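Engineer: how does the following fold in three dimensions:
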Amino acid sequence: MQPLKINGLVTRVSNVGENGKMLTVLSNDLGKISVWGKGLSSQKHPSKSAAAPFSYSEFVLNQKGDIYSLSSASLINSFYNLSTSVEKLSLANYFCALSEAVLCDSTYAQDVLKLLLNSLHYLQKDLKEFFDMWLMFEVKALALAGVMPNLGECVICGGVPDFAIDILAGGAVCENCSVGAIKTDAAVFALLKGYEAASLKGALELKIEDVAAIKRAISITGKFIAEHISKIKARDYLGKIVRM
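Structural biologist: Numbering: from 1, shown residues only. Below you'll find the model as predicted:
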């Protein structure tokens with residue numbers, strides 16, 4: 001079989017054996033794949049920098065069944081500045097982990113990778129406020145996963161929703177159906193609706209100054225992700241690093 005050539009982002013690296021590494025790579029063509037890199041622990045390996053976390057690279061892979069092994073890799077973008085801040089690094093790690101959780105197959109791989117690459121660029125360049133960036137990414141990830149909260153009507157009875165959200169039911173609920181729901185406010189609803197409706201470019205360029213409302217919205221999206229996508233350890237760690 002001829003070697004495969006793909007562009008992809010390294011989201012995770014694990015040590016395997018004495019000198020090998022297993023890479024988790026997100027690509028347009030193959031979605032989420034695992035790539036075995038023999039000898040990558042060596043400082044002299046020619047593909048070491050191209051196979052590091054947050055490296056967007058061109059990979060040449062050998063395939064045997066469902067197993068991919070690294071032949072070579074050429075770095076395209078390292079997102080190096082993410083390492084200048086523990087907060088940025090923690091948020092970037094979470095973005096990668098959430099992207100992996102959303103990307104069950106290659107169906108939406110292009111959209112997920114586009115969201116991730118653009119978000120890492122904005123994050124490392126400080127082009128969007130930290131918590132605003134966090135919320136935007138979670139809303140877009142929920143939308144790609146098909147589990148964005150339904151805020152247009154009461155998800156239980158179909159009536160006019162109150163500013164309350166039932167996590168298990170999947171969205172907003174009216175006053176009569178709000179037992180056990182999370183009470184919130186108009187500002188949070190506006191943020192969630194606005195980011196869901198905006199294009200990726202529009203969402204990245206949107207500037208929200210109400211940080212308190214952003215944090216309230218992040219609390220909602222975090223509960224939705226835990227319930228409807230996965231409980232992600234990187235988010236728990238991020239919460240310990242960053243004061244909410």
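
Engineer: which stretches of this structure aren't confidently modelled?
Structural biologist: In the prediction, the chain carries residues with pLDDT under 70 at positions 1, 105.

Engineer: show me where it has its strands.
Structural biologist: When secondary structure is read from DSSP state E, the chain shows strands at 4-16, 20-27, 31-37, 56-64, 67-77, 164-166, 171-172, 182-183.

Engineer: and those, which is most packed in?
Structural biologist: Scoring the strands of the chain by mean neighbour count under mean count of other Cβ atoms under 10 Å gives strand 171-172 as the most buried, with a mean of 24. Glycine gets a C-beta too; all of them are placed from N, C-alpha and C.

Engineer: what helices or strands is that one leaning on?
Structural biologist: In terms of contacts (3 or more Cβ pairs under 8 Å, 6 or more residues apart in numbering; DSSP states H and E), strand 171-172 is packed against strand 164-166.

Engineer: now for the strand it packs on, which elements pack on it?
Structural biologist: With contacts defined as 3+ Cβ pairs under 8 Å, 6+ apart, the packing partners of strand 164-166 are strand 171-172, strand 182-183.

Engineer: closest one to Ile76 among those?
Structural biologist: strand 171-172 (39.1 Å; Cβ to Cβ).

Engineer: so how far is the closest one off the chain centroid?
Structural biologist: With Cα atoms, centre = their mean, to the nearest Å as the basis, strand 171-172 stands 22 Å off its chain's centre.

Engineer: find the centremost residue of this protein, please.
Structural biologist: When the chain is reduced to its mean C-alpha position, the closest residue under Cα atoms, centre = their mean turns out to be Phe95, at 3.2 Å.

Engineer: touching, that one and Leu120? I think so.
Structural biologist: Yes. Because the distance of 6.7 Å satisfies Cβ atoms under 8 Å, Phe95 is recorded as touching Leu120.

Engineer: make JSON lines from the helices and strands packed on strand 164-166 and add distance to Val147 to it.
Structural biologist: Shown next, in JSON lines, are the helices and strands packed on strand 164-166 (distance: least, Cβ to Cβ, whole Å):
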{"stretch": "strand 171-172", "distance to Val147": "10"}
{"stretch": "strand 182-183", "distance to Val147": "16"}
